[in-house]
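*Asks:* Sequence and predicted structure are below.
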Amino acid sequence: MEVLETQFGGSIVLSPSGRIDLTNAEAFKAILLRLVGVARSALILDLSEVDYISSAGLRSVMIASKAGKPNGVTVGIAAMRPVVREIFAISRFDLVFPCFESTRDALAKLAPDALEAFGSA
Amino acid sequence: MKVTFWGTRGSLPAPLSGRRVREKIVNALVKGADKGLDSIEKASRFCDEALSFAESSTFGGNSSCVQIDTGGAEYLLCDLGSGVREFSLAALAKHGPAQPQVYNILLSHVHWDHIMGFPFFVPAFIPGNRIRMHSCHPMVERAIRGQNSAPCFPVEYSYLAASIEFVHMEPGVAYEIAGAMVTGTAQVHGNDSYGYRIEKDGKTVVYSTDSEHKLENLDDTKKVVGLFRDADLVIFDAMYSLAEASSVKEDWGHSSNITGVELSQMAGVKHLCLFHHEPIHDDAKIESIYQETLRFEEITRTGEQLTVSSAYDGLVIEV
């Protein structure tokens, strides 16, 4: 798994790639926890390059979301591939997290102040 | 071994309401209109071929009780939920009350839904029967005696005429019970619970209910994979969705269909049976969770296909 972090205003877009599973879920969780500590409004996970996410990966997202809430940070999910979208549906994570077709849609809803910076990137 | 499910609900029995029965009848009548269903045979075939399981039947509402026929003369049951009443009536119908039997009970733990059937376990009232309760859980005798006493139940424990023994098992030690070798493993659950690996003639059935799994806890995961390793059948607590088990119902001691598939794949299990169904789910919901689990197994399959089924009261699985 590789990750790319980009900051847009007070929000961060994290773009992992590859598989997120038991072999790297702890490293993924550590990244998420760091980012919900520094973001000011939203952490968007752009999953367009993620092939698969296991229960351990999903739990990392949940743990980070809980950690971010007291600081007003919302975790949003964007640009899922069809299989990942199915996993979110089967696990019901799509009922817990706001999910969007694109990163732009996610920022528009969760962090509109970041849209200008996103558009000029 | 032959595995018969007498009770498959978690937490609380969930009887099918009259309203739900009527919905099923109305749905079937509408779907069968103009199909010429003018005989029992035609109507039965229509139910089998044109209706889903949830439309034509029910997953049932009794709480946990599973019979494992090891081929010997003695009975082996896992847990004493409300389903044990149906089992005891079937056993009495088979043998009659005058034929003493040996009933071995494996108790996962003593939460109410897993022992609530015992006051209605008819063989306990019949002299000559032997009931042996095996468990790694240390509170079994206290819980069973306490349940059969005032003010919870009018028939005192001392009134029970069968011989009742309580046999403590050490986790990790194999015991011969009803002709099978049985090994218990501690699980993550409030007030503790134990899963059991039951081996006979090269076949393995694992009864693992009321157990929470967080796969990132690698020591726990390794232990569970060891319990499940190469099993022919794993009966698995799939009460919640993964999202529930990771959020509002985290640390409530139950698991999900997704975790069941992942652990079974890691352990090389052949057949995963979803069990301990959430009592607030109706038949359609349980069936849709089952269909989604089939799809998740397909998505995640890397080797041999894992067979997945969803337990219902009356299901029989040959191992």
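*Replies:* That came through fine.
*Asks:* Quick one: mean pLDDT for the single longest strand found in chain A?
*Replies:* Using DSSP state E, we find that the single longest strand of chain A is strand A:11-20. The average pLDDT for strand A:11-20 rounds to 96.
*Asks:* then that strand to CSV, C-alphas only?
*Replies:* What follows is strand A:11-20, C-alpha atoms only, in CSV (Å, rounded to 0.1, in the frame of the first residue of the first chain):
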residue,chain,number,x,y,z
SER,A,11,-8.8,19.5,5.1
ILE,A,12,-6.7,16.6,4.0
VAL,A,13,-7.2,14.2,1.1
LEU,A,14,-5.5,10.8,1.6
SER,A,15,-5.1,8.6,-1.5
PRO,A,16,-4.0,5.1,-0.7
SER,A,17,-3.4,2.6,-3.4
GLY,A,18,-3.3,-1.2,-3.6
ARG,A,19,-4.8,-3.5,-0.9
ILE,A,20,-5.5,-2.5,2.6
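*Asks:* Leaving out chain neighbours, which residue sits closest to the residue of the stretch 1-150 of chain B found nearest chain A?
*Replies:* Here the stretch 1-150 of chain B gets closest to chain A at one residue, B:Gly10, 17.0 Å apart by C-beta to the nearest C-beta. Backbone N, C-alpha and C define where each C-beta goes, glycine included. Nearest non-adjacent residue to B:Gly10, counting by C-beta to C-beta, 6 or more residues apart in numbering or on different chains: B:His276, 3.7 Å away.
*Asks:* How about the contacts made by that neighbour?
*Replies:* B:His276 makes contacts with B:Thr8, B:Arg9, B:Gly10, B:Ser11, B:Ser64, B:Thr209, B:Asp210, B:Asp237, B:Ala238, B:Met239, B:His254, as judged by C-beta atoms under 8 Å, 6 or more residues apart in numbering or on different chains.
*Asks:* and the gap between it and chain A?
*Replies:* Shown here: B:His276 relative to chain A, a distance of 17 Å by C-beta to the nearest C-beta, to the nearest Å.
*Asks:* Now do the phi/psi pair for that residue.
*Replies:* The phi/psi pair for B:His276 (degrees, to the nearest 10) reads phi 60, psi 50.
*Asks:* Relative to B:Arg22, how far out is it?
*Replies:* 27 Å (C-beta to C-beta, to the nearest Å).
*Asks:* What of B:Glu49?
*Replies:* For B:Glu49, the distance to B:Arg22 - C-beta to C-beta - is 23 Å.
*Asks:* Quick one: the strands in the stretch 151-300 of chain B, in order.
*Replies:* Shown for the stretch 151-300 of chain B, the strands assigned by DSSP state E, counting those that start in this stretch span residues B:163-168, B:174-177, B:180-187, B:193-200, B:203-208, B:233-237, B:271-275.
*Asks:* Those: which one's closest to A:Ala30?
*Replies:* Of all the strands of the stretch 151-300 of chain B, it is strand B:180-187 that lies closest to A:Ala30, at 27.9 Å by C-beta to C-beta.
*Asks:* contact partners of the closest one?
*Replies:* B:1, B:68, B:70, B:76, B:106, B:108, B:134-136, B:169-176, B:192-200, B:208, B:210-212, B:223-224, B:226-227.
*Asks:* Mind doing that once more with 6 Å?
*Replies:* Here strand B:180-187 makes contact (C-beta atoms under 6 Å, 6 or more residues apart in numbering or on different chains) with B:70, B:136, B:169, B:171, B:174-175, B:193-200, B:211, B:227.
*Asks:* where does chain A have its least confident helix or strand?
*Replies:* helix A:115-119 (a mean of 81; mean pLDDT, DSSP states H and E).
*Asks:* Using PDB, write out every CA atom in that one.
*Replies:* Taking C-alpha atoms only, helix A:115-119 is exported to PDB below (Å, rounded to 0.1, in the frame of the first residue of the first chain):
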ATOM      1  CA  LEU A 115     -12.900  23.500  -2.700                       C
ATOM      2  CA  GLU A 116     -11.100  26.600  -4.100                       C
ATOM      3  CA  ALA A 117      -7.700  25.100  -3.100                       C
ATOM      4  CA  PHE A 118      -8.800  21.700  -4.600                       C
ATOM      5  CA  GLY A 119      -9.900  23.400  -7.800                       C
END
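*Asks:* how many other residues sit next to the nearest residue to B:Val225 once chain neighbours are set aside?
*Replies:* Spatial nearest neighbour of B:Val225, chain neighbours left out: B:Ala267 (4.6 Å); criterion: C-beta to C-beta, 6+ apart. Here the count is done by other C-beta atoms under 10 Å in any protein chain shown, and B:Ala267 has 20 residues near it.
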